[in-house]
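Asker: Sequence first, then the predicted structure:
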Amino acid sequence: YAACCCAVQNLCLSLHSQGIGTKWTTGPVNFDDRFAEAVGFAPEKEFTVGTLWFGSAVGSTPSPPLKKLAVEGTFTKVE
């Protein structure tokens, strides 16, 4: 399971570097036999760790906030 988590994280980072957003979800739908049938695997031999959604934003994406690199404005001296 841990190796799968690492692989998914790397995939998400790779897609993000190409401007593609991702969302990894796990929920009841993943454990329903109908889901296994829809995606084409045998639930008695395999199981779902999660579902990965991916796509691009509609419109422009906001810029990330600027990081404060200087001490000034980051810390407040209390006397």
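Answerer: Looks like it came in fine. The shown structure was predicted, so the numbers you read here are calculated from the model rather than taken from an experiment.
Asker: OK, contacts around residue 1?
Answerer: residue 49 (Cβ atoms under 8 Å, 6 or more residues apart in numbering). For glycine as for every other residue, the C-beta is placed from the backbone atoms N, C-alpha and C.
Asker: any idea of the pLDDT on it?
Answerer: Residue 1 is assigned 77 on the pLDDT scale.
Asker: same question, residue 23
Answerer: 92.
Asker: On the three-state scheme, it is what?
Answerer: strand (DSSP: H, G, I helix; E, B strand; the rest coil).
Asker: Let me see the ranges of the helices in this structure.
Answerer: Taking DSSP state H to define them, one finds helices in the chain at 2-17, 33-39.
Asker: Could you work out which of these reaches nearest to residue 49?
Answerer: helix 2-17 (5.0 Å; Cβ to Cβ).
Asker: got a list of contacts for that closest one?
Answerer: Residues contacting helix 2-17 (Cβ under 8 Å, 6+ apart): 21, 22, 24, 49, 50, 52, 54.
Asker: would you list the helices of the chain in CSV and tack on mean neighbour count and distance to residue 61?
Answerer: Output for these, formatted as CSV (neighbours: other Cβ atoms under 10 Å; distance: least, Cβ to Cβ, whole Å):
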stretch, mean neighbour count, distance to residue 61
helix 2-17, 11, 11
helix 33-39, 12, 30
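Asker: Output the below-cut-off pLDDT ranges for the chain.
Answerer: 68-69, 71-74 (pLDDT under 70).
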